[in-house]
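here is a sequence with its predicted model. Questions after.
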Amino acid sequence: MMAKLIHELEALLGVDAVLSRLEDLLLYEYDGSVEIGRPEIVVFPRTTHEVSQIVRLARSHGAPIVGRGAGTGLSGGALPRAGGVMIVFARMNRILEVDYENQRAVVQPGVVNTDLTRAVEHAGLYYAPDPSSQKACTIGGNVAENSGGPHTLAYGVTANHVTGLEVVLTDGEIVRVGGMTSDALGYDLCGLLVGSEGTMVLVTEISVKLSRKAEAVKTLLAVFESVAEATDAVVDITARAIIPAACEMMDGWTLARIEDYLQAGFPRDCGAILLIEVEGLAEAAAEQAQAVTEVCRAHGAREVRVARNARESEDLWRGRKTAFGAMGRLAPSSYVLDGVIPRSKLPLAMRRIEELGRENGFRIGNIFHAGDGNLHPLILFDPRDGDQFERAVHTAEEILRCCVELGGTLTGEHGVGMEKNELMSLVYSPADLELMGRVRDAFNPEGTLNPGKVFPTGKGCGEIRIKGKLEKQAASMESGPGEGAAPQ
Amino acid sequence: MTPIVSAALMARLEALAGAANIVFHPDKLQAYAVDAIVPGAAARPESAGQAAEIVRFAAAEKLAVIPVGGCSKLGMGQPPSRYDLALDLTRLDRIAHYDPGDLTLSVDAGMSVARLAALLAEHNQFIPLEAPWWEQATVGGTVAAGVDSPLRQFYGTTRDFIIGAEFVTAAGTLAKSGGRVVKNVTGYDLHKLAVGSLGTLAALTRVNFRTFPLAQSRRGFLASFSQAGGAIELRKRIAASPLTPASLEIISPEAARRISAAHAPMDASLWHVLAGFEGTETVVARYERDLARLGEAVGSAEGRVVGEAGWPVLRARLREAIPLLLAASPAAAVCRVCVLPGKFDEVFETLRAAAGKLSLQSAILARGTGAVYFALLPERADEDALTRLAQAGETVFKIAAAAGGQASIPWCPVELKKKVSVWGPARADFALMRRVKNAFDPAGLFAPGRFAGGL
């Protein structure tokens, strides 16, 4: 059956756009983390029409389909759970239109996130959603996952910047939803499909808003004795009517490890640091930087550094941006989580995470988006040690349970995918999931598009599914340390 | 058609919600009329659980249900094909969860938007939902109606700051999506579908929002022009500047006449650009300087700051622009034409020409982001006026399509809806909307016929 489908796909796309040999497929069986899932065929369409034809062919053979951008995802969204056809959008990477006056662009899904900003920055514009993998990840993948990033506190996530989509349905039909403004008439299909993790439609064209660069930016780094003090400062900044463009926190232990690596002059003995960016009109940025400094001092900050220029600002960000790499030196492997909590609960959550780490024998690093309560606990462990590996999974699950208990949720920007789907029942009732399932089925009635994602399969009830990943890591350990996945 | 809720059914409804909370007197039911269709009964549940029981009952008895709040925007959409029971959610009016430090709010759908704003203001916060019919409207109704606010220029529309919802499904079960955190990709964003759904998918019982801090100072700037072109050019210059005003509108002379307020008068012979801005004193001073300079540069006849006294008044008038325009004619129709602002020149001209050709008075209020409210204001409500309105409506749909946009007629006389669909011509994505409707409400329990594509 697959041989015939391969042949038909080659006839449609040309032999250079279809992979089916094992050694080729191996490159597509993993993504930024999580699990392993090997496709049987990988195809590289160049046009929407080709995507539509691929979908029709796959359907006629009953083969499941999964879409994929750059494969930087952290929840297994772009991996097949049941073999079949993987559609890689790498060759649909053209910026189709830029409308400078109206600050809009239309792009194909394979356009790399930063490439769009690079194409329009000469006009003082940029594309706001900035996941940490933005140099590699594609806008199509961002749409599937509704990606965020450090600057989403003030500017919103992908869904806030996408106004319209061209999509291919599971029967191959091509439909446009939304429009050039965010007022599309009728149900907000665009709002539904952004973040649907490739389980409803394949996106072939994306209309986005472009943002205008702020006149002035100020970057500050504040050093605190405790996470609690830093958290109080975060909450109090808002009380001064300031929404920082970014507000990142790192715990003291993590910062010390970063300093070991970077030797950039970060303190080794603090409780936490905040990296805060304020921007806007020059007057606003200056006043807000002053106000943020005051608030941090009032909450016990021992030191507040304000970058005087772009270079100093980059230096302050360097710790944050190399954090996951620095942490990668400390253990053979790491597992990054994406839980979200109401931000006022940060001290409680940090304490609980530390306790859970201690109980299970791990040091857990915390580098995260404090402004919106999006945690990224990083569990350091050795996957070759079978016992550690079980405990790492257990710890991760306990941390996510704690996030939910504190009024938060499982994932803020990485997606549910095939990593956290068994935990969905911690957040949603059977009635909630049934309704979401009906909405998915309305678009994906035969279940052929990205099967086995988002929803609990009922097989491993209440478990994180990272076993495959751990095994993969254990295997790769033999050939030297791999690169840690960079979370957003 | 005449809705029928028999005496026996009525008794069972009373048993569900208590006799005092079931309305069946015809005079009182008039308040729940949708496009002159009066339901057989209205139920006022005290809790989401009770609302679910009532919907279960309605589903079993095959009654058509329309969820309602303040009943201020029931005339939106096509007339329902059936309407037996109004589900009045105004008794669900509490704040479920609010921690100002988290910048999130969970509020019952029946809470009035004005009261909510007052409660949030105590903590120096707000949600950017400055919706029309302010005194009457509820949170749930405002979300379901999908109305926008002048603040969308900076803060976006409801879809941008709604972070979760709880609702009663057509099966009479309680369900939810999203949560109480600002950033969340756990599961599908079903709550976004509720925005503008006119109650055709589910009955909202609770809505979660992101809240925002109130700025220290808020003021406005008003520039006037003899021609539309000057106003359009000023909007363009502001958009290309580093300024990020909270609101930015272009107001035609006819609209200015209706929106103008005693403390902040607008010249009814001129086009206006009205910008609202906020921040500290230093920041608003910068806005005042820059806006005055930009206004002069494009030849504004007059540019002036609307200060602390006038701005709240003018802002409230602006918020109520649609009801004010509707009140200006016995058969007013207000179209929403969504195009990119770069199309304003062409669209304003063709819209006004179309109205002029049909001897209809018109008015334009355009939000800076591209939503154009185009009011058609016939002097009389007779058959001739309706015929002309219908022709104008069809032309508006064509104008929007030609400009790469979309149009609908959210507000108009009931009689016009027999001549023209307020949702405009059928489109390819209506079929997808039908799939969504079927997933939520396969039996057509909620507001059948009211939505786009006859849903």
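Received it, and whenever you're ready, just let me know what you need.

the stretch 251-400 of chain B against chain A: which residues are in contact?
B:279-280, B:282-283, B:286, B:336, B:338-342, B:369-371 (C-beta under 8 Å from any C-beta of the partner chain). (Each C-beta comes from the backbone N, C-alpha and C, glycine too.)

so B:Ala170: helix, strand or coil?
coil (DSSP: H, G, I helix; E, B strand; the rest coil).

my read is that it contacts B:Ala59, right?
Yes - between B:Ala170 and B:Ala59 there is a contact at 6.5 Å, judged by C-beta atoms under 8 Å.

for those two, indicate the residue with more neighbours.
B:Ala170 (24 against 17; other C-beta atoms under 10 Å in any protein chain shown).

show me what contacts the more buried one?
B:Val55, B:Ala59, B:Ala202, B:Phe440, B:Asp441, B:Pro442, B:Ala443, B:Leu445, B:Phe446 (C-beta atoms under 8 Å, 6 or more residues apart in numbering or on different chains).

at 7 Å instead, please
By C-beta atoms under 7 Å, 6 or more residues apart in numbering or on different chains, the contact set of B:Ala170 is B:Ala59, B:Ala202, B:Phe440, B:Asp441, B:Ala443, B:Leu445, B:Phe446.

which residues are in contact with the residue nearest to B:Asp99 when sequence neighbours are not counted?
Excluding the flanking residues, the one nearest B:Asp99 by C-beta to C-beta, 6 or more residues apart in numbering or on different chains is A:Ser344, at 5.8 Å. A:Ser344 sits next to A:Val235, B:Asp99, B:Gly101, B:Asp102 when contact means C-beta under 7 Å, 6+ apart.

follow-up on the earlier one: which one of the contacts of B:Ala170 is nearest chain A?
B:Phe440 (7.1 Å; C-beta to the nearest C-beta).

which non-adjacent residue is nearest the closest one?
B:Leu201 (4.2 Å).

neighbours around that neighbour, how many?
27.

check the one 3 residues further on too.
Residue crowding around B:Leu204 was assessed by other C-beta under 10 Å; the count is 30.

touching, B:Leu174 and B:Pro45? I think so.
No - counting by C-beta atoms under 7 Å, B:Leu174 sits too far from B:Pro45 to count as a contact (11.9 Å).

which one's more surrounded, the two?
A count of neighbours by other C-beta under 10 Å puts B:Pro45 above the other of B:Leu174 and B:Pro45, at 26 against 19.

circling back to that earlier point, dump the residues of the stretch 251-400 of chain B next to chain A to CSV, plus neighbour count and distance to B:Ala239.
Shown next, in CSV, are those (neighbours: other C-beta atoms under 10 Å in any protein chain shown; distance: C-beta to C-beta, whole Å):
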residue, neighbour count, distance to B:Ala239
B:Gly279, 24, 18
B:Thr280, 19, 23
B:Thr282, 14, 23
B:Val283, 23, 18
B:Arg286, 20, 17
B:Arg336, 25, 20
B:Cys338, 25, 17
B:Val339, 27, 15
B:Leu340, 21, 11
B:Pro341, 24, 7
B:Gly342, 21, 10
B:Thr369, 21, 9
B:Gly370, 24, 11
B:Ala371, 21, 15
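
next, give me the two most distant ones among these.
B:Thr282 and B:Arg336 (37.1 Å; C-beta to C-beta).

contacting residues for the residue lying closest to A:Thr48 once chain neighbours are set aside?
Distances taken as C-beta to C-beta, 6+ apart place A:Thr204 nearest to A:Thr48, at 4.1 Å, with adjacent residues excluded. By C-beta under 7 Å, 6+ apart, the contact set of A:Thr204 is A:Thr48, A:Val51, A:Met92, A:Pro109, A:Glu166, A:Val167, A:Val168.

shouldn't A:Thr204 be within a helix?
No - judged by three-state DSSP, A:Thr204 forms no part of a helix; its state is strand.

what's the first helix or strand after the helix or strand harbouring A:Ala396?
Element membership for A:Ala396 (DSSP states H and E) is helix A:386-405. Next helix or strand after helix A:386-405 toward the C-terminus (DSSP H and E): helix A:430-443.

next one: that next one to chain centre, how far?
23 Å (C-alpha atoms, centre = their mean, to the nearest Å).

mind giving me the packing neighbours of it?
For helix A:430-443, the packing partners by 3 or more C-beta pairs under 7 Å, 6 or more residues apart in numbering or on different chains; DSSP states H and E come out as strand B:174-178, helix B:190-194, helix B:430-440.

quick one, which of these gets closest to B:Ala19.
With respect to B:Ala19, and counting by C-beta to C-beta, the nearest of these is strand B:174-178 at 24.4 Å.

buried set for that closest one?
B:Leu174, B:Ala175, B:Lys176, B:Ser177, B:Gly178 (16 or more other C-beta atoms under 10 Å in any protein chain shown).

would you turn the residues you listed into TSV with pLDDT and distance to B:Val273?
Formatted as TSV, those follow (pLDDT from 0 to 100; distance: C-beta to C-beta, whole Å):
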residue	pLDDT	distance to B:Val273
B:Leu174	98	46
B:Ala175	98	44
B:Lys176	98	42
B:Ser177	98	39
B:Gly178	98	36
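
wait, doesn't B:Val147 sit right on B:Ala131?
Yes - using C-beta under 7 Å, B:Val147 is in contact with B:Ala131, at 5.1 Å.

count the neighbours of B:Lys419 for me.
Around B:Lys419 there are 14 residues (other C-beta under 10 Å).

quick check: closest non-adjacent residue to it.
Closest to B:Lys419 by C-beta to C-beta, 6+ apart is B:Ala390, at 3.9 Å.

just give me the neighbour total for that neighbour.
Number of residues near B:Ala390 (other C-beta under 10 Å) recorded here: 19.

now do the contacts for B:Pro67.
Contacts of B:Pro67 by C-beta under 7 Å, 6+ apart are B:Leu87, B:Leu89, B:Gly199, B:Ala203, B:Leu204.

from those, which is closest to B:Leu325?
Looking across these and measuring by C-beta to C-beta, the closest to B:Leu325 is B:Gly199, at 24.2 Å.

coming back round to it: as JSON lines, the contacts of B:Ala170 with pLDDT and secondary structure would be great.
Shown next, in JSON lines, are those (pLDDT from 0 to 100; DSSP: H, G, I helix; E, B strand; the rest coil):
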{"residue": "B:Ala59", "pLDDT": "97", "secondary structure": "helix"}
{"residue": "B:Ala202", "pLDDT": "98", "secondary structure": "coil"}
{"residue": "B:Phe440", "pLDDT": "98", "secondary structure": "helix"}
{"residue": "B:Asp441", "pLDDT": "98", "secondary structure": "coil"}
{"residue": "B:Ala443", "pLDDT": "97", "secondary structure": "coil"}
{"residue": "B:Leu445", "pLDDT": "98", "secondary structure": "coil"}
{"residue": "B:Phe446", "pLDDT": "98", "secondary structure": "strand"}
